[in-house]
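J.: coords below, sequence missing:
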């Protein structure tokens, strides 16, 4: 693997990645804040909440702008034909990193009436790309021409319990070929420590780089909506209270960043952690502020 992210993982460096949320502005051409934010690679979200510019197209544009993309690919919207086609398309454009997800259910999007596909789950997608890497063939045995090479990543939720089943699923993703794992947003550092210690003891952190997700809450109302809408957000009551008591909306935004910085301070030296992933939720302008304030 010859991406910058792959090289950093191989060298054992502490990794900083961040996320870009595409929108519907087809004339967007400026990615200066992403290029200078301090992250070595940028995830491109794949239609998490409804239709926006495709992750593939945006990943290509980031690469053309001199930014290393992590192409996100969800199985919710594609069958195996489309998945393979998009993966080949990404490789043909020189994209070297891919993050495999099942995707949020369409009922959490702004188009809940949409049909889902889920021909593959995320583990099967990881296995598919790993096979394409090793054997240079598609599922039907058709040979891939040219130098196909993709660094494959996965997403996990460190808060799912029982812990034994959580670890089992992480092991499956690593066995399937995931070389880096980005976690869902970390708020409760005690439970995250328990999870990280468990997978470290199982030797998983030696096989895949573990990158902890960090999410800056924008407001008290947003925190409540996230808890109501998504099962993968575990925000402690103490954080909710701090957001509520912060004051006006601007003060709440500052509190959200402060909580992020505190969280990074608590987890960055944990044994087995390889890096931090900042999911800014469309607020890419604050990524550099969080990285600077956290001393990264």
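T.: Structure received. Because the structure is predicted, anything quoted here is derived from the model rather than measured.
J.: now the helices for this protein?
T.: For the chain, the helices identified by DSSP state H occupy 4-11, 32-35, 55-64, 80-92, 122-135, 163-176, 189-201, 220-229, 237-245, 249-267, 287-293, in order along the chain.
J.: Select, out of the ones you listed, the one closest to residue 49.
T.: For the helices of the chain, distance to residue 49 was read as Cβ to Cβ. The smallest value, 9.8 Å, belongs to helix 220-229. Every C-beta, even on glycine, is put in place using the N, C-alpha and C of the backbone.
J.: Relative to residue 19, which of the helices of the chain is closest?
T.: Closest approach to residue 19 among the helices of the chain is made by helix 287-293 (8.6 Å; Cβ to Cβ).
J.: Quick check: which helices or strands does that closest one pack against?
T.: Using 3 or more Cβ pairs under 8 Å, 6 or more residues apart in numbering; DSSP states H and E as the contact test, the elements touching helix 287-293 are helix 32-35, helix 249-267, strand 275-278.
J.: distance of the one residue sitting closest to the centre of the chain from residue 274?
T.: The central residue of the chain, meaning the one whose C-alpha is nearest the mean C-alpha position (Cα atoms, centre = their mean), is residue 182 at 5.2 Å. For residue 182, the distance to residue 274 under the criterion Cβ to Cβ, to the nearest Å works out to 10 Å.
J.: Below-threshold pLDDT in the stretch 101-250 of the chain: ranges please.
T.: 103-113 (pLDDT under 70).
J.: Let's see that with 90 instead.
T.: Along the stretch 101-250 of the chain, the parts satisfying pLDDT under 90 run over 102-119, 147, 226-234.
J.: just to revisit the earlier point, got a list of what the residue nearest to the centre of the chain touches?
T.: By Cβ atoms under 8 Å, 6 or more residues apart in numbering, the contact set of residue 182 is 17, 43, 99, 153-156, 211, 213, 277.
J.: Scan these and report the most crowded one.
T.: In terms of neighbours by other Cβ atoms under 10 Å, the contacts of residue 182 top out with residue 153 at 31 neighbours.
J.: Surely that residue is in contact with residue 98?
T.: Yes - the pair residue 153 and residue 98 passes the contact test of Cβ atoms under 8 Å, sitting 6.9 Å apart.
J.: overlap in contacts of these two?
T.: residue 70.
J.: circling back to that earlier point, the residue nearest to the centre of the chain pairs with what?
T.: Taking DSSP bridges, one finds residue 155, residue 211 as the beta-bridge partners of residue 182.
J.: returning to that earlier point: what do residue 182 and residue 274 both touch?
T.: Shared between the contact lists of residue 182 and residue 274 (criterion: Cβ under 8 Å, 6+ apart) are residues residue 211.
J.: partners of the closest residue to residue 63 other than its chain neighbours in the sheet?
T.: By the measure of Cβ to Cβ, 6 or more residues apart in numbering, the closest residue to residue 63 outside its immediate chain neighbours is residue 69, 5.6 Å from it. With beta bridges defined as DSSP bridges, residue 69 has these partners: residue 42.
J.: So what's the residue count around residue 69?
T.: Look at residue 69: counted by other Cβ under 10 Å, it has 30 neighbours.
J.: No more questions from me, cheers.
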